[in-house]
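Chemist: compute the structure for the input listed below.
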Amino acid sequence: YHGRRSTTPDLSAFPRERWLASIRRALATLPADALDYGDPGGVPGLREELADYLRRVRAADAGPGDIVIVGGVAQGLSLTVRALAGRLPEGRAGHDLTWSVDRPAHPAPPPGRIRLAVEDPTSGRQLPLLRAAGADPVAVPVDGEGMDVGALAATGARAVLLTPAHQYPTGVVLSPRRRAELIEWAAATGATILEDDYDAEFRFDRDPVGCLQGLAPGRVVLAGSVSKSLAPGLRLGWVVAPPEIAESVRRARGELDLGSPVLEQYALADLIGNGGYDRHLRRMRREYRARRDAFVRALAEHLPEIRVHGVSAGLHLFAELPGGCDEPQATEAAQACGLAVEAVGAMRSTPGPPALVMGFARLPVHRADQVIRAFAAGLRR
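Modeler: Just a heads-up that it's a prediction; the model follows:
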């Protein structure tokens with residue numbers, strides 16, 4: 001739990017003064033009743049602010065009633081999968097991840113489970129959570145345009161989870177053509193798209209791309225959080241969903257834990273409403289872009305044999321190592337230098353070229369050259 005993840009933001013940049021001011025305003029102005037058990041779907045004021053924010057920044061088609069506040073994207077996806085598994089009892093029994101993209105026949109599933117397509121490669125951290133929620137994951141390849149929708153159609157899945165804004169780990173942005181194909185597939189099959197809005201806040205070299213939910217609000221569930229923009233430890237996220245799914249998630253929160261802490265919700269609503277959240281994001285975009293540039297320059301100078309991908313957005317890059325390079329040893333060499341690095345091999349369904357996911361958010365500009373030079377020396381040893 002305490003490892004250096006390649007996706008963690010610079011936690012020293014958390015806007016403590018702004019957050020403290022928002023907490024103080026909430027404490028000074030809230031009536032006593034506001035601190036009682038509230039709507040398990042979230043504080044109305046935060047849902048209103050988020051609806052405005054997501055419409056303005058992510059081109060979402062969202063109203064306060066479509067939003068449920070959750071304890072981060074992980075909980076939002078888990079509760080959504082549970083809702084879908086109850087509504088759509090399709091999938092394959094069992095708990096092992098089976099990469100079965102080309103399987104011609106799909107056995108009838110038991111009630112309470114759903115066949116869920118996931119990106120290949122993908123993060124292994126979320127797979128146990130998804131299985132426990134009732135999903136039987138099947139892999140769908142990712143190429144230079146994002147998920148292969150033709151391969152998706154062959155899986156027989158009734159739901160798909162993907163990161164279209166900045167795919168993890170490859171960094172690919174889902175192309176306009178694939179977006180259209182994906183929405184057409186969902187409409188034709190009645191399937192549901194689970195959109196993890198991962199890394200959507202940080203775009204550097206390309207125009208912002210709207211969320212899929214804004215294109216097909218009746219077919220897409222959008223899950224987001226402040227884990228990258230502020231801090232993972234806040235455990236504050238949201239789900240924007242069609243009415244039936246939103247109500248199922250809201251009801252599940254009421255049965256599970258009675259909802260998220262209210263004081264933090266009021267503080268976030270204040271931070272968004274007073275413009276502090278936007279100002280913080282603008283500052284961090286500038287800083288992360290500078291750190292990315294320094295990181296990529298250092299790699300080009302000291303390790304020109306590494307091919308870098310997925311740098312137009314987000315907090316990590318995809319580093320393709322030279323053929324024959326030992327991926328575990330390269331990971332160890334990078335981590336020994338203090339880099340936040342993860343091996344890609346374990347994220348693939350089938351063996352592929354050696355590659356690393358390398359996080360740059362916590363490496364200051366003035367240290368990038370020194371650290372990458374040390375990594376290059378360790379890699380060559």
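Chemist: wait, Ala83 sits on Val249?
Modeler: Yes: contact criterion C-beta atoms under 8 Å: Ala83 and Val249 qualify, at 5.9 Å. Every C-beta, even on glycine, is put in place using the N, C-alpha and C of the backbone.
Chemist: need the residues touching each of those two.
Modeler: Common neighbours of Ala83 and Val249 are not found (criterion: C-beta atoms under 8 Å, 6 or more residues apart in numbering).
Chemist: where do the helices sit along the stretch 251-381 of the chain?
Modeler: Along the stretch 251-381 of the chain, counting by DSSP state H, counting those that start in this stretch, helices occupy 262-273, 276-302, 327-336, 365-380.
Chemist: the ones you listed into TSV, with extra columns for distance to Leu130 and mean neighbour count?
Modeler: Shown next, in TSV, are those (distance: least, C-beta to C-beta, whole Å; neighbours: other C-beta atoms under 10 Å):
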stretch	distance to Leu130	mean neighbour count
helix 262-273	26	21
helix 276-302	29	17
helix 327-336	25	17
helix 365-380	33	17
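Chemist: which one of the ones you listed lies closest to Thr350?
Modeler: Smallest distance to Thr350 across those (C-beta to C-beta): 14.5 Å, for helix 327-336.
Chemist: off-centre distance for stretch 263-282?
Modeler: 20 Å (C-alpha atoms, centre = their mean, to the nearest Å).
Chemist: pull the CA atoms of that stretch into PDB?
Modeler: Taking Å, rounded to 0.1, in the frame of the first residue of the first chain, the C-alpha atoms of stretch 263-282 are listed here in PDB:
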ATOM      1  CA  LEU A 263     -17.500  18.200   5.900                       C
ATOM      2  CA  GLU A 264     -15.100  17.300   3.100                       C
ATOM      3  CA  GLN A 265     -17.900  17.400   0.600                       C
ATOM      4  CA  TYR A 266     -18.900  20.900   1.700                       C
ATOM      5  CA  ALA A 267     -15.200  22.000   1.500                       C
ATOM      6  CA  LEU A 268     -14.800  20.600  -2.000                       C
ATOM      7  CA  ALA A 269     -18.000  22.400  -3.100                       C
ATOM      8  CA  ASP A 270     -16.600  25.600  -1.700                       C
ATOM      9  CA  LEU A 271     -13.200  25.100  -3.400                       C
ATOM     10  CA  ILE A 272     -14.900  24.500  -6.800                       C
ATOM     11  CA  GLY A 273     -17.400  27.300  -6.400                       C
ATOM     12  CA  ASN A 274     -14.900  30.000  -5.400                       C
ATOM     13  CA  GLY A 275     -12.500  29.200  -8.300                       C
ATOM     14  CA  GLY A 276      -9.800  27.800  -6.100                       C
ATOM     15  CA  TYR A 277     -10.000  24.300  -7.700                       C
ATOM     16  CA  ASP A 278      -9.500  25.700 -11.200                       C
ATOM     17  CA  ARG A 279      -6.600  27.900 -10.100                       C
ATOM     18  CA  HIS A 280      -4.900  25.000  -8.500                       C
ATOM     19  CA  LEU A 281      -5.300  22.900 -11.700                       C
ATOM     20  CA  ARG A 282      -3.900  25.600 -13.900                       C
END
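Chemist: give me the contacts around it.
Modeler: 15, 18-19, 21-23, 25-27, 30, 34-35, 42-43, 45-46, 48-50, 53, 69, 201, 226, 229-230, 234, 236.
Chemist: tell me the centre residue of the chain?
Modeler: For the chain, Tyr198 is the residue whose C-alpha lies nearest the centre (C-alpha atoms, centre = their mean; 2.9 Å).
Chemist: which SSE is that residue in?
Modeler: Using DSSP states H and E, Tyr198 sits in no helix or strand.
Chemist: spit out the contact partners of it.
Modeler: 73, 163, 165-166, 168, 228, 314.
Chemist: switch to 6 Å and redo it
Modeler: Tyr198 makes contact with 163, 168 under the criterion C-beta atoms under 6 Å, 6 or more residues apart in numbering.
Chemist: same check, this time on Gly378
Modeler: Here Gly378 is in contact with Ala333 (C-beta under 6 Å, 6+ apart).
Chemist: let me know the pLDDT of it.
Modeler: pLDDT, Gly378: 93.
Chemist: export the helices of the stretch 251-381 of the chain to TSV and tack on distance to Ala319?
Modeler: Shown next, in TSV, are these (distance: least, C-beta to C-beta, whole Å):
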stretch	distance to Ala319
helix 262-273	34
helix 276-302	7
helix 327-336	9
helix 365-380	10
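Chemist: residue ranges with poor pLDDT in this structure?
Modeler: Within the chain, the segments meeting pLDDT under 70 span 1-4, 87-110, 206-208.
Chemist: could you list the buried residues of the longest strand along the chain?
Modeler: In the chain, assigned by DSSP state E, the strand with the most residues is strand 135-143. Neighbour-count burial for strand 135-143 flags 135-142 (criterion: 16 or more other C-beta atoms under 10 Å).
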